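Novice: model this:
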Amino acid sequence: MKIQFMRFFRLVPVFLGFFILFFFLNTGFYEEPLWLVLQAAFFALVAVLMFLGKIRKTWLIYFSFVLFVGMVISILFEGVFVAEILGSTGFGLIIILLVSYLPRFVKDGYLSKW
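Specialist: From the prediction side, this is the model:
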């Protein structure tokens with residue numbers, strides 16, 4: 001029990017760091033639409049789980065594909081607000097996945113170190 005609490009205690013600053021980063025990138029610290037704040041929290045949670053190895057990257061690819069399909073269906077039924085939420089969330093997940101693969105691409109020699 002104590003070990004799990006200590007691990008959770010170490011993850012809180014990591015989550016907050018990711019949240020601040022995604023909050024700035026997503027909104028520029030302007031919290032007017034609430035769904036952008038929630039989206040930043042979702043991105044931070046996904047990033048922490050992904051870098052801990054608790055979530056498979058292929059699941060995120062499938063989930064982002066489902067979000068893009070939902071965006072298309074929402075646009076067809078004139079739900080522009082929902083389409084914006086689904087599309088931006090799917091695109092954000094794809095960007096997080098690409099950034100997570102950068103160290104591997106540098107290690108394998110596909111990208112040169114900058």
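
Novice: Around G28, count how many other residues there are.
Specialist: 9 (other C-beta atoms under 10 Å). To be clear about C-beta, it is placed using only N, CA and C from the backbone, and glycine gets the same treatment.

Novice: Y110 versus that one, what's the distance?
Specialist: 32 Å (C-beta to C-beta, to the nearest Å).

Novice: Over to F29?
Specialist: 35 Å.

Novice: The spatially most central residue of the chain: what's its closest spatial neighbour, skipping adjacent residues?
Specialist: What sits nearest the mean C-alpha location of the chain, by C-alpha atoms, centre = their mean, is F43, with 3.0 Å. Spatial nearest neighbour of F43, excluding adjacent residues (C-beta to C-beta, 6 or more residues apart in numbering): F22 at 4.3 Å.

Novice: list the contacts for that neighbour?
Specialist: Q39, A40, F43, A44, A47, G92 (C-beta atoms under 8 Å, 6 or more residues apart in numbering).

Novice: what are the phi and psi angles of the fourth one?
Specialist: Note on A44: backbone dihedrals following degrees, to the nearest 10 are phi -60, psi -40.

Novice: Thank you kindly, that will do.
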